[in-house]
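1. return atomic coordinates for the entry below.
(2 chains)
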Amino acid sequence: MYLARITVTLRKSILDPQGKAVHHALESLGLRSVEDVRIGKFMELRIHSPSEVEARTITDEACKKLLANPVMEDYFFSLERVST
Amino acid sequence: MSKLKFGVVVFPGSNCDHDAHYALEHVLHQDVRFLWHKDSSIGDVDVIVLPGGFSYGDYLRCGAIARFSPIMKEVIDFADRGGTVVGICNGFQILCEAGLLPGALLRNECLTFVCKYVNVRVENADTRFTSRCRPGEVLRIPIAHGEGNYFADDETLCRLESNGRILFRYCERDGSITEAANPNGSCSNIAGIVNEQGNVMGMMPHPERASDPLLGPTDGQKIFASLIETSVLHDHLTDSLIA
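-> Numbering: from 1, shown residues only, chains lettered A, B, ... in the order given. As a prediction, this is how the structure comes out:
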């Protein structure tokens, strides 16, 4: 069993108004050293797979076909072997 | 005059399906039926309408899950065969997610849900969706969305622009395109586009809500009336060719 931890973010070139609003809120908290905020999504997939290579392929396919929209989002993920 | 058969797709969470059905049946006097998202056939409809709403609760991304509904395979086949498909609001988002239209609809730049009448300028009146409009005509149609911020890369925008595929732009009352008239931050004030083949159209404003005179402006009728007119002309042409 593998645990995929996936992060989906808006592509760098796209303005993230939500991140901007949160940035302003952090500034008003007095945290002025925060330079930028980007908001994304975090997902966990538990994958039945005999090998890490296969789990990686499955995660990649899930991201490309559904979890992220390549027009506006980037994704990255890590894989960890976990007990069933 | 023969009637067009419209099929309005109902996804779990659609909430403008009845508005579209009402406008098409009672205002435009066409044949309308609902198509359930689990249906595996669209029957003999002439036009498919993907209505507004929050299909699948907008989970993951607006339209991302609806795109995998059984009916969508039929909708995509229908579109590939040249069938007319109209996506309104959430329907536009679904068409983008399904790859039938380019680009994507992001969260409104202002971050708030925007529900109000807007003015849109008809950028191309030479399509089956806009033939009843004058080029440059300003239509008054309401919007109601949180994710209507149209985004596409520069190359795509260039292609849309040069091929006349931008059908509607948010504008001022006099038709001028300004930043202030852009309610959601859309690239180039885009409110509606059409695919390369000219048979699939997506728009954020709700023409079905601007159809019944009891409710105010009726500019939305022009979009449905264009489809009806185009189809009638097509029938006449086909008849005369056969004769």
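2. check contacts around the residue in chain A that chain B sits nearest to.
-> In chain A, the residue that lies nearest chain B is A:Val71 (4.2 Å; C-beta to the nearest C-beta). Heads up, the C-betas are built off the backbone N, CA and C, glycines and all. Contacts for A:Val71 (C-beta atoms under 8 Å, 6 or more residues apart in numbering or on different chains) come out as B:Cys96, B:Pro102, B:Gly103, B:Ala104, B:Phe151, B:Ala152, B:Asp153.
3. in what helix or strand does it lie?
-> Assigned by DSSP states H and E, A:Val71 belongs to no helix or strand.
4. and chain A, which residues reach chain B?
-> A:Leu10, A:Ile14, A:Leu15, A:Pro17, A:Gln18, A:Ala21, A:Leu66, A:Leu67, A:Asn69, A:Val71, A:Met72 (C-beta under 8 Å from any C-beta of the partner chain).
5. around chain A, pick out the residues from chain B.
-> B:60-61, B:64, B:68, B:96-97, B:102-104, B:106-111, B:151-153, B:185.
6. lowest-confidence helix or strand of chain A?
-> Comparing helices and strands within chain A by mean pLDDT, DSSP states H and E singles out helix A:17-28 as the least confident, with a mean of 94.
7. run me through the strand neighbours of the next helix or strand after that one, direction for each.
-> Once the chain leaves helix A:17-28, the next helix or strand it forms, by DSSP H and E, is strand A:40-47. Sheet pairing of strand A:40-47 (DSSP bridges) gives strand A:2-10 (antiparallel).
8. list of residues touching the partner strand?
-> Residues contacting strand A:2-10 (C-beta under 8 Å, 6+ apart): A:16, A:19, A:38-47, A:49, A:52, A:55, A:59, A:62-63, A:67-68, A:72-82, B:106.
9. only the buried subset of these, as a PyMOL command please.
-> Buried residues within the contacts of strand A:2-10, by 16 or more other C-beta atoms under 10 Å in any protein chain shown, are selected in PyMOL with:
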select buried, (chain A and resi 16+19+40+43+45+47+49+55+59+62+63+67+68+72+73+75+77+79) or (chain B and resi 106)
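10. and of the contacts of A:Val71, the nearest to chain A?
-> Distances from chain A to these, taken by C-beta to the nearest C-beta, are shortest for B:Ala104, at 4.2 Å.
11. quick one, what contacts B:His145?
-> By C-beta under 8 Å, 6+ apart, the neighbours of B:His145 are B:Gly52, B:Cys89, B:Asn90, B:Leu105, B:Asn108, B:Phe113, B:Val114, B:Asn184, B:Met204.
12. hmm, 6 Å instead?
-> Residues near B:His145 by C-beta atoms under 6 Å, 6 or more residues apart in numbering or on different chains: B:Cys89, B:Met204.
13. what sits opposite it in the beta ladder?
-> Applying DSSP bridges to B:His145, the residues it is bridged with are B:Val114.
14. what is the neighbour count of the residue lying closest to B:Thr230 once chain neighbours are set aside?
-> Spatial nearest neighbour of B:Thr230, excluding adjacent residues (C-beta to C-beta, 6 or more residues apart in numbering or on different chains): B:Arg128 at 4.0 Å. For B:Arg128, the count of nearby residues is 20 (other C-beta atoms under 10 Å in any protein chain shown).
15. now do the same end-to-end measure for stretch B:133-150.
-> End-to-end distance for stretch B:133-150, by C-alpha to C-alpha, to the nearest Å: 23 Å.
16. flag every buried residue along that stretch.
-> B:133, B:138-150.
17. now for the residues you listed: which two are most distant?
-> Greatest spacing in those, by C-beta to C-beta: B:Cys133 and B:Gly146 (27.5 Å).
18. since we're on B:Pro207, how many residues are nearby?
-> There are 25 residues near B:Pro207, going by other C-beta under 10 Å.
19. sorry, wrong one. I was asking about B:Ile177.
-> Neighbours of B:Ile177 (other C-beta under 10 Å): 14.
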